[in-house]
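# Sequence first, predicted coordinates after that:
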Amino acid sequence: MQKDSRIFVAGHRGLVGSAIVRALGAEGHTGVLTRTRAQCDLTDQAAVAALFEAERPQYVFLAAARVGGIHANDVYPAEFIRDNLVIQTNVIHAAWKAGVEKLLFLGSSCIYPKFAPQPLREEYLLSGALEPTNQWYAVAKIAGIKMCQAYRRQYGFSAISLMPTNLYGPGDNFDAESSHVLPALMGRFHAAKAAGQPEVTVWGSGTPRREFLHVDDLASACLHLMREYDAEEIVNVGTGQDVSIAELAEMVAREVGYQGRIVFDPSRPDGTPRKLLDVSRLTALGWRPRIGLREGIAATYRWFREQGA
Ligand code: GFB
């Protein structure tokens, strides 16, 4: 990527896309191209084809997706499978047809089998059954990986796929029901502190373990691999360290300054017991995360309060 390359970031208003745009800007890229949904609906095949024909981007970061936490995945299965399949199919195909030099597709650590050995190595893909709550999203993401590999094999298209672990950071969705755990708990502890509530409920048993990566680190990994990596194998992107949900809740409560009780609601699903990525392939490619979880939570809470919460 040259500083003046034409670079399309699909999904630039989301957590990941906005971080990629920030990272490109910070590195002095002047040819960043974005479109809001009103300007180009990525589920509209003809609109996507027309955009690529008109703008002829050279590089594409495919960060547009329907995403959400465990509850949203579970209650909107049709939207999660349909929107993701359609968006990624439209963008990957149009990018290849319009002669894009390289495309980076973002998957998710939930593509791995629910009970795969830990840490999760890239070759565990399709070696077992998926976690039921997010199988719809996972199947769509797996189709995206396979599409990138198929277009590389048949057409020589430089499409690479990264599998990020659970992400968080500025620009996240803090809605109580549809969000991921970290912003959900941040919002809940913040509101409970303000209201003087004696206890806060955390979904599930608190025992599942998750690995959290700050989205600015993910964006840095995306830029690095767009420059340095060009092969069909998927690449995990994470920190290689995880915490239990109970530990995460303690960390978030401490940062927010909430001193009440933390209680667990076992009627809510736990999801996958553990999702820790093996990041040796990424490390061998010369990239490491920089933002620790404690520091990242503090920065995200500062951003959250700046939004007027
Ligand atoms: O963040 P989360 O929804 O992602 O949930 P997943 C992680 C864990 O936190 C689960 C627990 O064990 C939840 O039960 N948890 C506790 C909570 N309190 C809360 C809460 O208030 N909100 C939420 N959301 N969780 C998603 C997938 O799974 O991860 C997606 O469904 C995607 O497809 C994403 O892959 C990265 O890691 O369980």
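Received it, and whenever you're ready, just let me know what you need.
# buried residues in the lowest-mean-pLDDT helix or strand in the chain?
Within the chain, no helix or strand scores below helix 70-75, which has a mean of 93 by mean pLDDT, DSSP states H and E. Neighbour counts over helix 70-75 (16 or more other C-beta atoms under 10 Å) mark Ile70, His71, Ala72, Asn73, Asp74 as buried. Heads up, the C-betas are built off the backbone N, CA and C, glycines and all.
# Not counting it itself, show me its contacts.
Applying C-beta atoms under 8 Å, 6 or more residues apart in numbering, the external contacts of helix 70-75 come out as 80, 133-134, 136-137, 177-179, 181, 203, 268-269, 271.
# Is it in proximity to the ligand?
Yes: against the ligand, helix 70-75 shows contacts by C-beta under 6 Å from any ligand atom at Ile70, His71, Asn73.
# quick one: the strands in the stretch 151-300 of the chain?
Using DSSP state E, counting those that start in this stretch, the strands of the stretch 151-300 of the chain run over residues 159-164, 166-168, 199-203, 209-210, 212-214, 235-237, 243-244, 261-265, 274-275.
# So the second one, near the ligand or not?
Yep, that's strand 166-168 we're talking about. Yes: using C-beta under 6 Å from any ligand atom, strand 166-168 comes into contact with the ligand via Asn166.
# Report all helices and strands that that strand contacts.
helix 15-26, helix 181-195, strand 212-214, helix 215-228, helix 293-306 (3 or more C-beta pairs under 8 Å, 6 or more residues apart in numbering; DSSP states H and E).
# The second one near the ligand anywhere?
Yes: using C-beta under 6 Å from any ligand atom, helix 181-195 reaches the ligand at Val181, Ala184, Leu185.
# Pull up the residues of the stretch 151-300 of the chain that are close to the ligand.
Contact residues (C-beta under 6 Å from any ligand atom) of the stretch 151-300 of the chain with the ligand: 166, 179-181, 184-185, 202-204, 208, 210, 245, 268-271, 275.
# Weed out the non-buried ones from the residues you listed.
Buried members of those, counted by 16+ other C-beta under 10 Å: 166, 179-181, 184-185, 202-204, 208, 210, 245, 269-271, 275.
# how close does Gly69 get to Ala194?
Computed as C-beta to C-beta, to the nearest Å, the Gly69 to Ala194 distance reads 23 Å.
# ok, these two, which is more surrounded?
Gly69 (22 against 11; other C-beta atoms under 10 Å).
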